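S.K.: what's the 3D shape of this:
(chains A and B)
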Amino acid sequence: MGKYHLGEFEEIVLLTVAILKNEAYGVAIIDEMESRLKRSVSIGALQTVLRRLEKKGFLTSEFGEATKVRGGKRKRFFSITAYGKKVLTETKEQRLGLWNAIPEFTFSLLK
Amino acid sequence: MNIDNNVSPPKWSLRFFRWYCHADFVEDIEGDLLERFEKRTNENGIRSAKMQFSLDVIRLFRPGLIKPITQIQQLNQLTMYQHNLKIGLRVLLKNKSYSLINISGLAIGMAVALLIGLYVQDELSFNKYNENYNRIAQVLVEHHTLSEEVHIGTSLPPAVGSLLKDTYGSQFDQVVMVRSRPEERILRTSQGDFAVNGYFMQPDGSDMFALKMIAGSLNGLKDINSILLSEKLAEKLFHEVDPINQIVKMNGKTELIVTGVYEDLPRNSTFHDASFFAPLDLYVSGWTSLDVWDNFFISVYAKLKKGANVESVNSLIKNELQSHIDGSGKRFLRLNEMSKWHLYSEFENGKSVMSERLKYIWLFLLIAVFVLSLAIINFINLNTARSERRSKEIGVRKSIGSLKRQLVSQFLTESILISFIGFVFALALIVITIPWFSSISGKEIILPFGSIWFWIIGLGTTVIIGLMAGSYPAFYLASFNPIKHLSGSTQTGKKGALPRKVLVVFQFTISIVLIIGTLVVFKQIQHVKNRPLGFNRSNLLMIPKRVGELYGKYDVFQNELNRTGAVLEIGEASYPLSNNLGNNDGFSWEGKDPSFDPSFNTILVNYDYGKVIDWEILEGRDFTRDITSDVSNAIIITQSAKEIMGLKDPVGTEVHFSRGYLGGPDFTIVGVVNDLIKGDPFQKPKPAFLFLSDNSLPWMFIRLNPEMNIAEAITKVENVFKKVTPSVPFDYKFMDQEYEAKFKSEEQIGKLVTVFAVLAIFISCLGLFGLASYLVKTRMKEISIRKVLGASVNSLWRLLTGEFIILVIIACVIATPLANYLLDSWLQHYDYRIEIGWWIFAIAALSALAITVFTISHQIIKAAFVNPVKNLKSE
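M.R.: Numbering: from 1, shown residues only, chains lettered A, B, ... in the order given. Predicted coordinates for the structure are as follows:
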């Protein structure tokens, strides 16, 4: 496994950005996460993670066109990089590997 | 949707967010915030949305999102200053001659200001070496005469000191009596004889006056046969030998033991003229005591107890003198604190008046400010005049986005840079000139390189001067309209022309006032030097008879000296011709108003006095040996005495003297002579009575034969003294040198004012030179066209100098009444003074004009001779 360890929240943010594809900007990401996961997300938490992920190279971003809403401020759209995609896939495989390694009885017991 | 005012997010939160958020993120996060705010407003209402907004803003305050602490803006500013500095240096180097004019003007101005600052500092720190500075006071006597005048004196009878010491121990820590003036004594050691000045004082004085002992004891004057020596004198008297416990012979008879050596007192202290301190008991021993009330020869100093109030002590001691003495009028005591001795101890009718020294301090401070302002004016004038040169630069800077503020800071950087370079040169100038300045100001001034305050003040002033010099040009230049300047159709030089002219007039007004001042001061000194003194001062020797052996040998000296052929006359008197000591009141005569009790200078003289000093008898006769009753009965009065006594025909008038000690007590006036100017030659003559005495008197006068070479004559006189009194050192003074010495302080002032005047003119001319050369440069084409059309060099010269000459003439017109007023009030201090003639103003005006023409003509004539083709073919 690589040296990159994604935190739980980081992983969710990455996944959400991937889901939203070309529409992934701050408020949209929050809305998406809130509606899918039923958990509230603060702008501060999200933005910090977004910038960190961008700095690490998992995300890139670019400004959209200015519109009349939002006080005329432009949106910053995030998109996932190839590197980000790779890390996400790796994480998913690790998890699956772990799931698969669980013995049957424990599983049923938990059920 | 539109956000109207009601549904806008909380302003403060937004502002806070904008303030802390990293510049890269601020736009899109703000957008997100607003979007969420709008949404929430629609869903939950404005109030909750606002709350949520603020909460979001606070939650966004996280390390990853806020600005870095090392701000990017600061780095930018530093680069800007570096840029300013670089451009400043380039501008300096590009215009070498203008930079030179600016820097040298500022350097001279700053050097003058710094020197004056040091001078003032020295004056203000007078006596401050003494750690008891705040607690020491001198006892003054206020004499209220019958005619309602008040005289302030420092001489007191010694019994007052003894009384204060014994009675007022609760107010004073110490009371010390000191002989009121330094006494000259001959000190003899194995190194020879030395005539030196010193004070006689009580033992506590060494503590009160904070003598720093190098060797021996602070309490060294306990014994009557002891003496304390200054370091310098000890070195002179003993060279390598340890002076402690060595013997010094005073005036050839008293043997004193050296009990201590003290560090030389600083020059700016009251007793700095003393080379030794000896016990007061020694001074009075044999002729008086410290309990007499009727002889005023002592100064009394007191060290107040901690917390004692001067005013309340004053009221306690006020009447201590009056109750013990008689005499006309009333005499009250009061204290004068040490802090007032030097600058606040001149009195007029009992009231403290501004002292001469304090006036000179103000005068010099004023001159410092003026000289400095002249240099600053040069800077302003040259920079505004030359602004056209930089108008393109300013235009370009402004069009690419320079703010006015940035341009101003650019120009201020340049002027502060120049100011700093000027400061460095000023320091160099001071280092070079300080020995010379010390000698003409009569001070011991050193540059306090080690003092932090000196640097703080020096550098602080440098920055302030830079700002003062630079601010007008900076705002003036920065306000240019870029479009005008880039289109090239400008005459910026003209715009600032009026203020520039006003400043030039100001400069020349100051210079001309200083020229007139110099002329008047020297004229006045010369006038007084040539004053008729009532006697002939050339070739006149004065010999103080300090030693007993010289007395009682008058006839021997007279015979021996006459035989040498080197001497015309000799005579004797009780006082020298160089001071007005020896004054008495208590005279009465027929027709005198009983309440009028003037003081007269009273001198005992012998028969030959009149002949040797060569006085002029106006009425009556000289003393003569033919009339034996002359001795202790006849008096000769001076012209001013005759006037003050109100006598029409004084010869034969009887005068009565209430105190017995001059002979008499009844005298008859036998003659009137011209006033003898013995004291301050600037003041009116002191009325004098001359009494005939047939005793040996303490001063001998010798008139040398003018036909003989002076050195030869002196040698012959000295040989006679060696023969008659072999053990006595031959000590003499030339009367004319003594007289010259009285002009020392006036000549010091004269020299300083001259130097400042020369510097002021020099700085003004530097500025004028710069202005002229600049204006000629801008008018080169005009000059060339005029030449082509047939103007002569002469007419061109007249055209161009005319402008400046008008300015100088205006300056003359302003300066004349100003100088007249100032100098007239200066001259009022002197009774014997010149009238300020119109010719002084004429000379000053003409010389200012001549200097102006000389300064600018070089540039103008050079321009007028240039081949016009050269200037017209370009473009």
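S.K.: Next to chain B in this structure, residues from chain A, please.
M.R.: For chain A, the residues in contact with chain B (CB under 8 Å from any CB of the partner chain) are A:25-27, A:30, A:42-45, A:47-48, A:51-52, A:63, A:69-71, A:73-76. C-beta coordinates here come from the backbone N, C-alpha and C atoms, glycine included.
S.K.: how about a cut-off of 6 Å?
M.R.: By CB under 6 Å from any CB of the partner chain, the part of chain A that sits against chain B consists of A:26-27, A:42-44, A:47-48, A:51, A:70-71, A:73, A:75-76.
S.K.: Of those residues, which is the nearest to residue B:95?
M.R.: Top of the list for closeness to residue B:95, among the residues of chain A next to chain B and by CB to CB, is residue A:73 at 50.9 Å.
S.K.: neighbours of that closest one, just the number please.
M.R.: 20 (other CB atoms under 10 Å in any protein chain shown).
S.K.: tally of neighbours for the spatially closest residue to it that is not a sequence neighbour?
M.R.: Excluding its sequence neighbours, the residue lying closest to residue A:73 (CB to CB, 6 or more residues apart in numbering or on different chains) is residue B:31, at 3.0 Å. Around residue B:31 sit 25 other residues, with neighbours defined as other CB under 10 Å.
S.K.: so residue B:31 is in which element?
M.R.: Using DSSP states H and E, the element containing residue B:31 is helix B:26-44.
S.K.: still on that earlier bit, from memory the residue nearest to residue A:73 sits against residue A:69, does it?
M.R.: No: contact criterion CB atoms under 6 Å: residue B:31 and residue A:69 do not qualify, at 8.7 Å.
S.K.: coming back round to it: local confidence estimate at the residue nearest to residue A:73?
M.R.: For residue B:31, the model assigns a pLDDT of 86.
S.K.: Can you list phi and psi of the residue in the stretch 51-200 of chain B that chain A sits nearest to for me?
M.R.: Evaluated by CB to the nearest CB, the stretch 51-200 of chain B has residue B:59 as its residue closest to chain A, separated by 3.3 Å. Main-chain dihedrals, residue B:59, degrees, to the nearest 10: phi -70, psi -20.
S.K.: For the helix holding residue B:31, name the packing helices and strands.
M.R.: For helix B:26-44, the packing partners by 3 or more CB pairs under 6 Å, 6 or more residues apart in numbering or on different chains; DSSP states H and E come out as helix A:26-37, helix B:46-59.
S.K.: which residues touch the last one?
M.R.: Helix B:46-59 has contacts (CB atoms under 6 Å, 6 or more residues apart in numbering or on different chains) with A:42, A:43, A:44, B:7, B:9, B:10, B:13, B:17, B:33, B:37, B:40, B:41.
S.K.: Spatially nearest residue to the second one (excluding sequence neighbours)?
M.R.: To tie it back to what came earlier, the one meant is residue A:43. Sequence neighbours aside, residue B:56 is the residue nearest to residue A:43 in space, at 4.8 Å (criterion: CB to CB, 6+ apart).
S.K.: Which residues are in contact with residue B:177?
M.R.: B:158, B:161, B:202, B:280, B:298, B:300.
S.K.: tell me which element it is part of?
M.R.: If you go by DSSP H and E, residue B:177 is part of strand B:172-179.
S.K.: that older thread, for the residues of chain A next to chain B, give me CSV that also has pLDDT and secondary structure.
M.R.: Formatted as CSV, these follow (pLDDT from 0 to 100; DSSP: H, G, I helix; E, B strand; the rest coil):
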residue, pLDDT, secondary structure
A:26, 85, helix
A:27, 87, helix
A:42, 84, coil
A:43, 85, helix
A:44, 85, helix
A:47, 88, helix
A:48, 88, helix
A:51, 88, helix
A:70, 78, helix
A:71, 76, helix
A:73, 83, coil
A:75, 86, coil
A:76, 88, strand
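S.K.: Having no further points to raise, I will conclude here.
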